[in-house]
Structure formats: C-alpha cells, structure tokens
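Peer 1: Dropping the sequence and predicted coords here.
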Amino acid sequence: MKYSQMLGRTTKNASADNASINGQLLTRAGFISKQISGVYNYLPLGLKTLNKITQIVRQEMDRAGAQEVLMPAMTGLESWTITNRQNMDVLFHLEGRDDSHLVLNPTHEEVVTPLVQQTVLSYRDLPKAVFQIQNKFRNEPRAKSGLLRGREFLMKDLYSFHQDQADLDAYYEKMKQVYFKVYERLGLKDVTLLTFASGGAFSKYSHEFQLLSEVGEDTIFVCENCKIAINKEIIADQSICPECGNTNLVSKQAIEVGNIFKLGTRFSEAFNFHYTSENGEAKLIIMGCYGIGISRLMGTIVEIFHDDKGIIWPDQIAPFSVHLISLPGGEEKAEQLYRQLQDLQIEVLWDDRKESAGTKFADADLIGIPTRLVISARTGENVEYKRRNEETSEVISTEEAINRIKTHVSKL
Ligand code: ATP
Ligand code: MG
C-alpha cells in the first residue's frame, strides 16, 4: 500500500479523543476515528490490525474444535425476559415498526442457547462448542477510554455445551490453555496473568486474563511466584494465592482482555434445554462461556507498547511488517524494493509522499510498524534498517534486510 493513497492520515490533533493514550495514539496515527463516545470507525490501518488479532483468535478457536457461526446483533426483548435479564442496565432498546421491542445484544447466551437447542437432542450430539466474532452493544456508563470500553465493540464469544460437569470442567481447562496460546501468539506472553475472579452459582471461581497497565480499571493481587492473580472483587474471602498459598500478594492495576466462565445450567434451565442421555433420561445441558475482547485488546496493546513518539506494534499484529520510506533520489530503488517485498508476500507500507525526512520519520514512529527501511540518494545499493523498538539504525544490503524481515515474519 502506498501511503500517499491511503485513507486516514497522521494528525497532530487528537482532541477528538484525548482521554486515553490508546484513543489518542490510534487517532493521531490514523487507525481509528471516533464517531460518538464509545463508537469508532476503523480506517484501513486500524482494520488491518483488528483483522490480525481476529485471525489469530479464530485460528485457535478452530483448532480447538469450535465451530464459527454469526448470530444477529439484534433480537426480541422476549428472549431476555425468558432469562430474566430484560432489565440489564447495559441493554440498548429499539422499537420495531410493528411495536415490537428489540434489543441490541450485549452478549449472546439468549440467542445461542435456543439456537443450539434446535439441533442438539441427545448425548450423541454432545459436546458442542460454537463461537462468533461480532460486534456487541452495551450502554456502558463510562465509555471514555478509547477502545478499552466501547458501547459498540468487537468480541469473540464462545459457548460450550456438555452432558455433565466433568465434561465441562475438562473443556474449561482446555480453553484456559487455548487462551494462553492466543495471548502468546499476540505477542503478550510475558504480560498475561491468569486471574481468579468470582464464579457465580455454578463454580467457586471464573478466570480472567488480565494485562498489567496503570490505566486498567481492575485491581488485581498478583502472586509473583505463580504468575497468577486474584481479582480484588473476591479478595475478601481469598487473600492467599490459590495455587501456592503465598500471602504476599502485590496489588496492581490491570485490563481484563478475556474471561472464561462456567454457566452451569443457568441458561439451559431458562430455555428448558434438555438432552436425552444414554439410558433415555432427559437431562439439563451444562454450559460454559468464553470471551475475548478483540477491540479492547487492540487498545490495550497500544497502552502497553508505546513510547513518547508513538505506537510499537508486536510483529504478530502490526498492520504491515515493513514501513518503507523513500527520500529524494531513492524513489526508483524504493519502488523496486516495494515490488520485491510484495512478491515475497511481505506486507509493506511505502511512504511515497513528497514530505521531509523529518515528517516521514515522525509518522513512521507514530504508526509503529516493526521494521523501517529508508532508501535515499545516499544509501546506494544498500538500505537503512531500523526496528521500531530499537534506538539505532544500520545500513545493510537489501538481501540482508529482507532476510532479517523474514525471520521476524516467520516467527508469527
Ligand atoms: P468488564 O468487566 O470489563 O466490564 P465483562 O466482565 O462485562 O467486562 P464479558 O461480558 O465477559 O466482560 O466480555 C468478554 C470480554 O469482552 C471482556 O473480557 C473484555 O475483554 C471485553 N469487553 C467487555 N466489555 C467491553 C467493552 N465495553 N468494550 C470493549 N471490550 C469489552
Ligand atoms: Mg469483568
């Protein structure tokens, strides 16, 4: 992609969204544009990044045997009355033409439970796991932190259906590992903390995946031996590490980027969802749900990986692998390298504008693509190579630069 043709430009003015670092940097760098509070447009750079996160999440859910579906964003209020959640404070309400009362779904238990009920009849149909990657709508009281708390936001939600508690328990443990794999692939291995949170009626705990950040809304107590944490909401009855008994827990702020929860029979009871067991009995289905906040992850990654110049994307989810800058006298060679990188399937953003070197460098730092290549009259047959997260640049041969880029890309 040539930067001169791209929709969305860098701007010094982030006044439209200056309440958070992620909102500010993503707006200034041309990734997102605020529509109304908590609702955003994703421009080409932003959508590419969001799609990278989505794709990693999707691949790992597929690999775990879950089936992707797409459920509707709106449904009738009746579904919410069945589960007695019609008064949930975050529900957005709509009026249909025929006086029907509709809501925009903030989560999908009310849709997925009767949907799966249509085809899961006996123990032979179990277990089942379905997921979707879709926009959720919540009338949040505090939509103010860029992508961290939206009123419309992208979530992966997965629901599992089981014959008995043991089967749910085993699946739940498996999903925990799948989640770790997702966060590892997103470049977040060292900063993700499994956090014990309150479990509701059907299990003592649920689990959250928290990323440490000063701006996080959650207070968690971290066990530095086990690399796990406990959410403050349950600390009253659990002030020691549930894994190792450590009582020396450290209070930190964190952002919840995912959670897994045993629903038990909460929803199967409401919808009267039974299956026929092996010996012919009608039994209630046992459920679990598993969320990942995809757009929140994008914002959180910016909160964690940035410096005073801009964003520093992990290789895995950067919108492009290479930010190619041509300076006067280097245009022709830059065009050659641009084509060469494209032929090698290496994603490249070429800043082909007639702007000063200073402007182009500042924009590259702001946008945060992991590898910067500069070609000018002075670089000759070589190219100036710099990683966004390193201070110094080197002048190396084009082949060497391509080899280095390939090693970063192949680790994905
Ligand atoms: P929170 O405690 O932050 O309000 P939650 O516990 O209500 O979130 P879930 O309903 O379990 O969240 O949603 C699954 C995931 O979706 C969360 O772990 C979070 O990453 C993300 N998420 C929840 N609410 C929002 C929101 N308003 N904007 C962006 N992402 C969100
Ligand atoms: Mg929560």
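Peer 2: Cool, got the structure. Residues are numbered from 1 along each chain as shown. Ligands and ions are numbered 1, 2, ... in the order given.

Peer 1: gap between Ser145 and ligand 1?
Peer 2: According to C-beta to the nearest ligand atom, to the nearest Å, Ser145 and ligand 1 sit 9 Å apart. Placement of C-beta: from N, CA and C, glycine included.

Peer 1: For the residue in the chain positioned nearest to ligand 1, which residues are in contact?
Peer 2: When distances are taken as C-beta to the nearest ligand atom, the chain approaches ligand 1 most closely through Gly293, which lies 2.3 Å from it. Counting by C-beta atoms under 8 Å, 6 or more residues apart in numbering, Gly293 makes contact with 153-155, 256-258.

Peer 1: Of these - the most surrounded one?
Peer 2: Compared across the contacts of Gly293, Val257 has the highest neighbour count, 28 neighbours, by other C-beta atoms under 10 Å.

Peer 1: returning to what we had before: filter the contacts of Gly293 down to the ones near ligand 1?
Peer 2: The subset of the contacts of Gly293 within reach of ligand 1, counting by C-beta under 6 Å from any ligand atom, consists of 153, 155, 256-258.

Peer 1: Now secondary structure too, for those residues, in JSON lines please.
Peer 2: Output for the ones next to ligand 1 among the contacts of Gly293, formatted as JSON lines (DSSP: H, G, I helix; E, B strand; the rest coil):
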{"residue": "Phe153", "secondary structure": "strand"}
{"residue": "Met155", "secondary structure": "strand"}
{"residue": "Glu256", "secondary structure": "strand"}
{"residue": "Val257", "secondary structure": "strand"}
{"residue": "Gly258", "secondary structure": "strand"}
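
Peer 1: For the stretch 251-400 of the chain, which residues are neighbours of ligand 1?
Peer 2: Near ligand 1, when you scan the stretch 251-400 of the chain using C-beta under 6 Å from any ligand atom, you find 256-259, 291, 293, 295-296.

Peer 1: The same query, at a cut-off of 8 Å, please.
Peer 2: By the criterion of C-beta under 8 Å from any ligand atom, the positions of the stretch 251-400 of the chain lying close to ligand 1 are 255-259, 261, 289, 291-293, 295-297, 299.

Peer 1: Among those, which ones are in strands?
Peer 2: Among those, the members falling in strands (DSSP state E) are 255-259, 261, 289, 291-293.

Peer 1: State the helix or strand in which Thr75 lies.
Peer 2: Using DSSP states H and E, Thr75 sits within strand 74-76.

Peer 1: Strands along the stretch 201-350 of the chain, start to end?
Peer 2: If DSSP state E, counting those that start in this stretch is used as the criterion, the strands of the stretch 201-350 of the chain fall at 205-212, 218-223, 228-231, 250-264, 274-276, 282-284, 286-293, 306-307, 310-311, 322-326, 348-351.

Peer 1: now the last one: mean pLDDT?
Peer 2: Per-region confidence: strand 348-351 scores 98 on mean pLDDT.

Peer 1: What is that strand packed up against?
Peer 2: Based on contacts counted as 3 or more C-beta pairs under 8 Å, 6 or more residues apart in numbering; DSSP states H and E, the elements that strand 348-351 packs against are strand 322-326, helix 331-343, helix 357-367.

Peer 1: Can you list the buried residues in the last one?
Peer 2: By that I understand helix 357-367. Residues of helix 357-367 classed as buried by neighbour count (16 or more other C-beta atoms under 10 Å): 360-367.

Peer 1: Also the second one?
Peer 2: By neighbour count, and taking 16+ other C-beta under 10 Å as the criterion, the buried residues in helix 331-343 are 333-335, 337-338, 341.

Peer 1: which one of those residues is nearest Glu110?
Peer 2: Of all the buried residues of helix 331-343, Glu110 sits closest to Leu341, with 47.4 Å by C-beta to C-beta.

Peer 1: Quick check: the closest one touching Ala334?
Peer 2: No: using C-beta atoms under 8 Å, Leu341 makes no contact with Ala334, being 10.4 Å away.

Peer 1: tell me, what's touching the two both at once?
Peer 2: Residues touching both Leu341 and Ala334 by C-beta under 8 Å, 6+ apart: Leu324.

Peer 1: Which positions in the stretch 1-150 of the chain make contact with ligand 1?
Peer 2: By the criterion of C-beta under 8 Å from any ligand atom, the positions of the stretch 1-150 of the chain lying close to ligand 1 are 38, 106-107, 136, 138, 140, 143, 147-150.
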